[in-house]
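fold the stuff below for me.
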Amino acid sequence: MELKTARLTVLIDPAKKKAFEDLCAQQDVTPSQVVRQLIRDYLRHHGVAWQPSGPTRDDGRAD
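Okay, the predicted model is just below:
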């Protein structure tokens with residue numbers, strides 16, 4: 001998991017935001033968790049390599 005964070009501001013229709021937040025609540029995940037996963041999937045889909053911010057464990061993976 002990344003240890004450093006940066007803010008991403010997204011403008012979205014209020015009704016769509018509410019529907020998204022309601023769905024996230026039903027699935028017991030935060031909107032931030034879902035957005036982070038979407039970004040990881042998008043980067044992977046397009047073959048973009050990246051390294052998580054922060055220290056890594058002995059196996060080379062981020063904590």
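
so which residues make contact with whichever strand or helix holds residue 43?
Per DSSP states H and E: residue 43 is located in helix 31-45. Applying CB atoms under 8 Å, 6 or more residues apart in numbering, the contact partners of helix 31-45 are 8, 10, 20-21, 24, 50. Just so you know, the C-beta spots here come from the backbone N, C-alpha and C atoms, and that holds for glycine as well.

try stretch 9-27
Residues outside stretch 9-27 that contact it (CB under 8 Å, 6+ apart): 30-31, 33-35.

any chance of those residues in CSV, with pLDDT and distance to residue 45 too?
As requested, the contacts of stretch 9-27 are exported to CSV (pLDDT from 0 to 100; distance: CB to CB, whole Å):
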residue, pLDDT, distance to residue 45
30, 97, 22
31, 97, 21
33, 95, 19
34, 98, 16
35, 97, 15
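
got JSON lines for those, with neighbour count too?
Formatted as JSON lines, these follow (neighbours: other CB atoms under 10 Å):
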{"residue": "30", "neighbour count": "12"}
{"residue": "31", "neighbour count": "13"}
{"residue": "33", "neighbour count": "12"}
{"residue": "34", "neighbour count": "15"}
{"residue": "35", "neighbour count": "14"}
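
any chance of those in JSON lines, with distance to residue 16 too?
Listed next are these as JSON lines, based on distance: CB to CB, whole Å:
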{"residue": "30", "distance to residue 16": "17"}
{"residue": "31", "distance to residue 16": "12"}
{"residue": "33", "distance to residue 16": "18"}
{"residue": "34", "distance to residue 16": "13"}
{"residue": "35", "distance to residue 16": "13"}
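
closest one of the residues you listed to residue 3?
Nearest to residue 3 among the contacts of stretch 9-27, counting by CB to CB, is residue 33 at 15.8 Å.
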